[in-house]
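In: Okay, sequence plus prediction incoming.
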Amino acid sequence: MTNYYYSKNPDVVHQESSWDFTLLGQPMHFVTDNGVFSKRTVDFGSRVLLENLPLTTLIDGPILDVGCGYGPLGLAVAKSESQRQVDLVDVNELALQLAHKNAASNQVDNVNIWESDLYTAVTETAYALILSNPPIRAGKQVVHQILTGAKAHLKEGGKLVIVIQKKQGAPSARQKMETTFGNCRVVAKDKGYFVLESTK
Ligand SMILES: C[S@@+](CC[C@H](N)C(=O)[O-])C[C@H]1O[C@@H](n2cnc3c(N)ncnc32)[C@H](O)[C@@H]1O
């Protein structure tokens, strides 16, 4: 077993901590632990992604957060879009347990949270939005599979929106999204983080 945040079962000494953070204008409370990504605060890239999601112009349909971690992205979106179904998947079981706890403590009940390696356990093919702060440390191949795999799970007009640092592969991610969808827009750039959006 490894203790990398992207493994199925991180071998860690547990040390839960909890803290508050405002996302999409909503005060939220999170429990995190050793062995999950960005356990001390909401990752800067995740904040930039949330601030640049096309929520006001989004077509009807459910939303998917791929690589949800302890849940900051999917849960913040679900709280804000309370009439939509929001699905959260990750490969890390500890992260999924925390995401369940965080859904309950933030009174978010329009979510489904389950284990999936990439899209292998995702059957929905009509998402309006797929979002991800992808797992750079899992390797470029995994990141690119998140990008290319999204297309089959989006409805026409649906969007894939990701955040990625320039130095961690934004240019090649942009190219991959461009070739997969025939379009890719840089929605925001902030301190080296790029928010990239493709429309099916
Ligand atoms: C950069 S973290 C983002 C976590 C969370 N969304 C956030 O904003 O804090 C990427 C996440 O992808 C997950 N991940 C890694 N490989 C994966 C895979 N093959 N399928 C699904 N999720 C994966 C990791 O466990 C990790 O939680």
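Out: That came through fine. Residues are numbered from 1 along each chain as shown.
In: hang on, residue 97 in a helix?
Out: Yes - with DSSP: H, G, I helix; E, B strand; the rest coil as the criterion, residue 97 is located in a helix.
In: Check what pLDDT it gets.
Out: Residue 97 carries a pLDDT score of 96 in this model.
In: how many other residues sit next to it?
Out: 15 (other Cβ atoms under 10 Å). Every C-beta, even on glycine, is put in place using the N, C-alpha and C of the backbone.
In: and the residue nearest the centre of the chain, what are its bridge partners?
Out: Taking Cα atoms, centre = their mean, the centroid of the chain lies closest to residue 132, which sits 3.3 Å from it. Applying DSSP bridges to residue 132 gives these bridge partners: residue 162.
In: residues contacting it?
Out: Contact partners of residue 132, counting by Cβ atoms under 8 Å, 6 or more residues apart in numbering, are 65-67, 146, 160-163.
In: Return the residues in contact with the nearest residue to residue 199 once chain neighbours are set aside.
Out: With Cβ to Cβ, 6 or more residues apart in numbering as the criterion, residue 199 has its nearest non-adjacent residue at 5.2 Å, and that residue is residue 159. Residue 159 makes contact with 54, 58, 128-130, 197-200 under the criterion Cβ under 8 Å, 6+ apart.
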